[in-house]
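Q: need a 3D model of the following:
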Amino acid sequence: MDNAIEVRGLCKQYSGFALNDINFCVPEGFCCGLVGPNGAGKTTILKAMTGMIKADSGEIYLLNRPCDAPVREELGILFDQPYFQEDWTPLNIERSIKPFYRNWDTAIYQDLLDRFSLDPRKKFKKFSNGMKQKLAMAVHLSHKSKLLLLDEPTSGLDPAARDEMLDLMREYLLKEGRTILFSTHITSDLEHLADFIVYISHGNLIFSGEKEEFTDSYCIVRGRKIPEKKRKDAIGLREYSSGFECLMELSKVGGLPKDAVTERAAIHDVIVFMERRQNNASDYKT
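A: Numbers count the residues shown, from 1 in each chain. Predicted coordinates for the structure are as follows:
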């Protein structure tokens, strides 16, 4: 299976922040969620992929070519806010962008404008945030991009607009050879859409692999009192006057008290408990 994305040893140093030796790949034809808290390094990774910043070291390959090779025509790049001239209309946008894409399809663009109820003569600045996101996606889909790199594509959208955006991403993946990497804080989007997870925290890669592997390796544990010998296995341990809760690897649940209960961990659970540990917020009492 070919990889649409390969990141090898990516490093970037800023004052007060460092992206450290990031390695992951995304197979062609799949959707990967890039997750982590604010300031984890997600946007830095996407900017390095798109050439907006220069990495200190490491290699990035997109569609089997170095990211600085001329692959822009096959990429769709969308950050949290699309950037078009405020006074442009969708028709102006097409006239300005079309010459840069040999595969531009006006029929697809017009169909998407109709589908999203986007007035082709309305100025960009008069569209809502959700409409602006849809317009940006219409642009990327109209030049038949093979790889979408999306930074928080559903952030700030109302539930109906977010659901429509996710539907559009699903439809995009139906055609062979198309791949998505998107960063998000909304873990329900990952549950519904992602095949793979790349989890970044404080500039470090914590996990890279299939979504099921990310969740199926852990469980939530709750009980009245955790034995001292099990504290080392408890991830993000939180203790209350009435009991405790933590995340734990399934391979380490042996030796728990009989009153302890376990339940399946969702993506949200794994991230929350992992961050609690990363932020040294574990083992506190309330």
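Q: by mean pLDDT, flag the weakest helix or strand of this protein.
A: strand 284-285 (a mean of 39; mean pLDDT, DSSP states H and E).
Q: show me what R264 is bridged to.
A: Taking DSSP bridges, one finds C219 as the beta-bridge partners of R264.
Q: what is the neighbour count of L250?
A: A count of nearby residues for L250, using other Cβ atoms under 10 Å, gives 13. All C-beta spots, glycine's among them, are computed from the backbone N, C-alpha and C.
Q: the nearest residue to it once chain neighbours are set aside: neighbour count?
A: Spatially, and ignoring its direct neighbours in sequence, L250 is nearest to C219 (5.6 Å; Cβ to Cβ, 6 or more residues apart in numbering). When neighbours are defined as other Cβ under 10 Å, C219 has 20 of them.
Q: can you check the one 3 residues further on too?
A: Burial measure for R222: 16 neighbouring residues, criterion other Cβ under 10 Å.
Q: could you do E171 as well?
A: Using other Cβ under 10 Å, E171 is surrounded by 11 other residues.
Q: and if you look at G236?
A: Neighbour count for G236, taken as other Cβ under 10 Å: 23.
Q: the helix or strand containing it pairs with which strands?
A: Here G236 sits within strand 235-239, counting by DSSP states H and E. Applying DSSP bridges to the sheet, strand 235-239 is found paired with strand 244-249 (antiparallel), strand 284-285 (parallel).
Q: of these, which stretch is the most buried?
A: Stretch with highest mean neighbour count among the strands paired with strand 235-239: strand 244-249 (a mean of 20; mean count of other Cβ atoms under 10 Å).
Q: check contacts around the residue nearest the centre of the chain.
A: Among the residues of the chain, S183 comes closest to the average C-alpha position under Cα atoms, centre = their mean, at 2.3 Å. Counting by Cβ atoms under 8 Å, 6 or more residues apart in numbering, S183 touches G33, L34, V35, K42, T43, L46, L150, D151, E152.
Q: ok, so what distance separates it from I53?
A: To I53, S183 is 15 Å away according to Cβ to Cβ, to the nearest Å.
Q: can you give me the helices for the stretch 151-286 of the chain?
A: Under the criterion DSSP state H, counting those that start in this stretch, the stretch 151-286 of the chain contains helices at 159-174, 187-193, 211-216, 267-278.
Q: any chance of the ones you listed in JSON lines, plus mean pLDDT?
A: Below are the helices of the stretch 151-286 of the chain laid out as JSON lines (pLDDT from 0 to 100):
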{"stretch": "helix 159-174", "mean pLDDT": "88"}
{"stretch": "helix 187-193", "mean pLDDT": "87"}
{"stretch": "helix 211-216", "mean pLDDT": "91"}
{"stretch": "helix 267-278", "mean pLDDT": "88"}
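Q: can you lay out the ones you listed as CSV showing distance to F79?
A: What follows is the helices of the stretch 151-286 of the chain, written out as CSV (distance: least, Cβ to Cβ, whole Å):
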stretch, distance to F79
helix 159-174, 14
helix 187-193, 16
helix 211-216, 24
helix 267-278, 22
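Q: which among those helices is found nearest to R115?
A: When the helices of the stretch 151-286 of the chain are compared by Cβ to Cβ, helix 159-174 sits nearest R115, at 9.0 Å.
Q: so how far is the closest one from its chain's centroid?
A: Offset of helix 159-174 from its chain centre (Cα atoms, centre = their mean, to the nearest Å): 14 Å.
Q: buried set for that helix?
A: Judged by neighbour count (16 or more other Cβ atoms under 10 Å), helix 159-174 contains these buried residues: A161, R162, E164, M165, L166, L168, M169, Y172, L173.
Q: list the helices and strands that helix packs on?
A: Under the contact definition 3 or more Cβ pairs under 8 Å, 6 or more residues apart in numbering; DSSP states H and E, helix 159-174 sits against helix 129-142, strand 179-183, helix 187-193.
Q: ok, which of these comes nearest E94?
A: Using Cβ to Cβ, the helices and strands packed on helix 159-174 put helix 129-142 closest to E94, at 7.8 Å.
Q: so that closest one versus helix 159-174, what angle?
A: Taking axes from the mean of the first three to the mean of the last three Cα atoms, to 10 degrees, helix 129-142 and helix 159-174 form an angle of 10 degrees between their directions.
Q: which other helices and strands contact helix 129-142?
A: Here helix 129-142 touches strand 75-78, helix 90-97, helix 106-115, helix 159-174, going by 3+ Cβ pairs under 8 Å, 6+ apart.
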